[in-house]
Every structure is written in structure tokens, then in C-alpha cells.
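**Student:** Quick one, structure for this:
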Amino acid sequence: MTSRWMRLRCVVATVAAGLGLLAGTAWSAVEEAGASTMSPRVAALLQAARDSDPLVRHTAIKALSNTRDPAARAALIAMAGDADARIRVLAVGALSKVPNKQGFDGLVDALRDSSKEVSAAAAAGLAALGDKRAVGPLVAGLGGARGRAGTALLQFGDAAVDALAAELRAAATRRDLAAKLLSQIGTKRADAALLAATTDRSWRVRRSVIAHLLQAQPAPKRVVLAAAADSAAPVRLVALGALAQMARKEDKTALNALIKMVNDKDVAVRIAVVQLVTDPQDPGFIKPFSRLLTDPELTVRRGAAALLVKIADISVRGTLVAAAADPDSGVRQHAVWALMRLDPVAALKPYIAVMTKKAGKSAALAKAVKALGKANLIAALGALRKHADPEIRVIIATDLGRTNSYRATVYVRQMLKDTNSRVREAAQRALKRLPAKPKRPPGTIVGRPGDRKAVQA
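**Tutor:** Next comes the predicted model:
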């Protein structure tokens with residue numbers, strides 16, 4: 001420890017007094033840079049810059065960067081090519097204080113260093129110099145320099161826009177970085193460059209640019225709608241989130257665009273739509289989602305069936321009956337739940353079929369419902385509310401809660417007095433989902449006139 005502090009004190013004393021303390025010559029690269037005319041002070045600092053202790057090295061190189069001695073500056077440039085990466089990092093960091101062509105060129109060369117620490121220090125140094133000639137080399141260094149090239153480019157603002165706009169057509173990693181940097185620069189010129197690229201021939205360019213443009217709040221409506229109608233599915237996918245957000249705010253144009261995308265030709269887009277649309281109350285969704293019940297992609301069919309439970313429109317009754325026979329149990333179950341909300345008569349046979357395939361208690365309930373011979377599912381479940389098996393009574397209370405019918409409410413309220421606590425809890429949960437009063441006067445037909453025989457509300 002004592003030796004370390006002695007060496008450090010020698011360096012500090014050299015800086016303060018300008019005295020030569022150490023004999024010997026510097027390494028060959030520095031000699032070529034002009035060591036023959038080097039002052040003893042600089043020679044001492046150069047030797048200290050090779051010390052085994054990092055604090056001594058750092059202090060010596062920092063001192064060299066603060067001197068105006070030409071030999072010191074030449075030495076720093078030479079040290080930027082040292083075999084030891086630790087020396088190179090320190091030397092490159094000091095070159096930002098050498099405001100001449102040699103210092104600039106040294107930093108540009110260091111951007112291509114094999115050590116990311118060195119190239120990062122070079123990027124930071126070029127930003128500190130503020131020389132606009134650095135824009136080109138920094139753009140070329142995007143993706144390396146531990147991300148510092150991008151950070152450095154932000155310091156140049158509009159001066160970097162043209163080079164970054166050209167970089168939008170580069171390799172994927174650099175293209176995305178260029179789009180990100182343009183959006184972060186945020187000037188009118190940068191925004192204009194991004195908007196111009198939204199019509200680029202390459203969908204990859206359009207996708208990168210639009211993805212960053214849509215990060216603005218609120219997202220530019222013109223960009224969102226154009227992206228939603230783009231010929232490339234990856235671009236349409238990028239627009240979906242912003243489009244759904246606009247539709248939730250009752251933007252009719254965005255809503256119509258979103259409805260159109262429900263039946264998109266690309267399966268990835270259709271999957272994203274059924275995942276993003278959480279409350280499809282607009283009537284425009286009814287037909288597109290009903291068509292998805294026959295989609296070849298299982299994820300799409302499941303999502304569409306779940307959403308049709310929320311829509312509950314009588315016009316899709318026939319499609320739901322067909323979906324209740326889907327090979328997938330999830331699609332079948334949601335189709336039956338939707339039918340239970342729409343038409344308890346049409347739901348009866350599909351309900352029995354789905355519950356029978358479940359086996360166990362569900363199959364036992366299906367058998368009991370079938371044995372009753374009733375035409376209305378709500379009436380059948382209500383009649384079984386006192387079934388001997390409490391587990392079956394739990395299923396009955398739960399399924400009555402799915403019907404959204406006041407008639408079911410009457411049965412569920414009676415089940416609140418059940419002797420089994422689990423049945424009572426299921427009845428309480430079901431009651432929260434059911435209407436507190438009739439939605440229509442008793443005897444009204446559910447659906448359109450002529451759809452089928454009257455179904456009691």
C-alpha cells in the first residue's frame with residue numbers, strides 16, 4: 001500500500017511541479033510520435049501510465065490529457081493503439097480533450113476497436129468533441145460500442161437526421177436503432193424523415209419506423225390507419241395495439257378498421273385481434289367473429305367463441321349451435337355458454353352433449369337434464385336445483401349464473417338457502433352475474449320475430 005501511494009504522490013508531484021522523476025525511454029510507438037523532444041515531465045507521466053496500479057495509470061493519463069505539450073498529445077494517440085485494452089480505454093477517454101485532427105482521427109479509429117469498452121469510450125469522446133464530422137462514423141458504429149454510438153448521435157440532433165434516415169435501409173439491428181434514434185431526436189426534421197419512411201418499398205423499413213412512431217401518445221391517427229391497411233401482415237400487426245386503443249375511445253374510423261381486420265387473411269393478425277378485442281359491443285363485430293368460429297386455427301376459434309359469449313346476439317345462434325360440436329372442448333364450451341345467454345331452448349341439446357363428454361359429475365348432470373325431457377335449459381337446471389348430490393348442485397348454480405336470465409335469478413335465489421355451504425357460495429357468485437329484474441316483460445320473444453317459438457325471458 002505504501003509503495004502504491006508513493007508512486008501516486010510522485011505522479012501528482014510531477015503534474016504540479018513539472019519535474020522529471022523517472023529515467024528511461026517510452027515504448028516504441030511513443031518514440032515514433034516524437035519522444036526525442038519529450039519533456040522530462042511528460043516522460044515521467046508516460047512511464048506512470050504503464051504502472052501496474054490502475055489508480056496510478058488513471059491519474060497519469062488524466063494528467064497527460066490536461067497538458068498542452070504536443071508530445072503528450074502524440075503519446076495519447078499512440079497509447080490508443082496499445083496492446084493493453086485497459087490502457088486504450090483510458091487513452092481514448094482522454095483524446096476528447098485533444099481538439100485537433102489527430103485527436104479526432106484517433107477517436108474514429110477507436111470506434112472500430114475489438115474491445116467494446118474502448119469503442120464505447122470513443123463514442124463518448126466524439127460526442128464530447130461535438131465535431132459534426134463524427135456523425136458518419138458513429139452511424140456506421142450503430143449496434144456496437146455498447147450502445148454509446150446511438151447515445152452520442154443524439155447529441156448532434158438534426159445534423160444526424162440524414163445519415164440516420166439513410167440507415168433505415170440497413171441491416172435489421174441498425175435499422176431499428178436508426179428509427180429509435182430518429183424518434184428520440186424528436187425534431188420536425190426527424191419526424192419528417194420517419195413519416196417519409198412509412199411508405200418505403202420494404203415492409204421491414206415500414207414496420208421499424210411505424211413501431212417507433214406509434215410509441216407517441218397519442219399515436220398519430222393517420223399512421224395507425226395506414227399501417228392497419230398495409231399490404232404486409234407484420235406491419236398490420238404493429239398497428240393493432242394502437243388501433244384497438246383508438247377504437248376503445250369510440251373512434252368510429254378506427255373501429256371500422258379494426259372490424260375489417262377480424263377476418264384478416266393472415267392468421268397471426270386474426271389471433272392478435274381476438275386477443276386484443278376485449279369488449280366487442282359494436283354490432284359490426286357480430287358477423288366477422290361468427291365467421292371465425294370455422295377458422296382452421298384453433299386459437300382463433302377459441303377466442304371468437306369466448307367473444308361471442310359477450311356479444312350474445314341472436315343472429316349467430318345457428319353458427320353457435322354448429323360450434324358446439326367443434327372438435328375442441330374449449331370452443332364447444334364457449335359456444336354453449338353463448339347459447340345459454342341467447343336461447344335456453346337452442347342451448348339444451350348442445351349443453352347435454354358438451355357435459356356428457358366432460359364425464360364425471362358433469363355427465364351425471366347431463367343425464368339428469370336429458371331425463372327430465374324439458375325443452376328449456378333454464379327450466380331443466382332450475383328443476384334440478386335440489387339434486388341429491390351437492391357437487392352437481394354447485395354446477396347447476398354456476399351454469400344458471402351464465403345464462404344472464406332473470407328467470408334463472410329466481411332459481412339461484414332459492415339455492416342461497418341450500419344446506420351445503422359450497423352450493424350457497426356458488427349461488428352467491430352466480431347471483432352477481434344475473435340481472436336483478438326482468439330485461440323484458442314476461443312472455444316476450446328473445447330475438448327477432450319469427451326466429452323460433454317464443455322463449456320466456
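**Student:** where along the protein do the strands fall?
**Tutor:** In order along the chain, the chain carries no strands (DSSP state E).
**Student:** quick one: low-confidence ranges for this protein?
**Tutor:** 1-38, 65-68, 99, 143-147, 171, 439-457 (pLDDT under 70).
**Student:** same thing but at 80, please
**Tutor:** For the chain, the stretches with pLDDT under 80 are 1-84, 87, 90-91, 93-100, 102-103, 141-147, 169-174, 216-218, 312, 437-457.
**Student:** Who are the contact partners of residue 259?
**Tutor:** Contacts here follow CB atoms under 8 Å, 6 or more residues apart in numbering; on that basis residue 259 touches 282, 284-285, 288. From N, CA and C alone the C-beta is placed, and that goes for glycine too.
**Student:** Please disregard the earlier target; I meant residue 84.
**Tutor:** Contacts of residue 84 were listed using CB under 8 Å, 6+ apart, and none were found.
**Student:** Look up phi and psi at it.
**Tutor:** For residue 84, the backbone dihedrals are phi -90, psi 120 (criterion: degrees, to the nearest 10).
**Student:** Next one: it from residue 118, what distance?
**Tutor:** Going from residue 84 to residue 118 by CB to CB, to the nearest Å gives 11 Å.
**Student:** Could you do residue 386 as well?
**Tutor:** 81 Å.
**Student:** ok, the two, which is more surrounded?
**Tutor:** Residue environment comparison for residue 386 versus residue 118 gives the larger neighbour count to residue 118, 25 against 11, counting by other CB atoms under 10 Å.
**Student:** Count the residues that sit near the closest residue in space to the more buried one that isn't next to it in sequence.
**Tutor:** Of all residues not flanking residue 118 in the chain, residue 88 sits nearest, at 4.7 Å (CB to CB, 6 or more residues apart in numbering). Using other CB under 10 Å, the number of residues around residue 88 comes to 23.
**Student:** same deal with residue 275?
**Tutor:** Once other CB under 10 Å is used to define contacts, residue 275 is seen to have 13 neighbours.
**Student:** show me what contacts it?
**Tutor:** Residues near residue 275 by CB under 8 Å, 6+ apart: residue 303.
**Student:** now residue 87
**Tutor:** Contacts of residue 87 were listed using CB under 8 Å, 6+ apart, and they are 49-50, 57, 61, 79.
**Student:** quick one: terminal-to-terminal distance for stretch 285-295?
**Tutor:** Its start and end residues considered, stretch 285-295 measures 16 Å (CA to CA, to the nearest Å).
**Student:** whoops, stretch 209-225 was the one
**Tutor:** Separation of the first and last residues of stretch 209-225 by CA to CA is 15 Å.
**Student:** how far is that stretch from where the chain is centred?
**Tutor:** On the basis of CA atoms, centre = their mean, to the nearest Å, stretch 209-225 sits 14 Å off its chain's mean C-alpha point.
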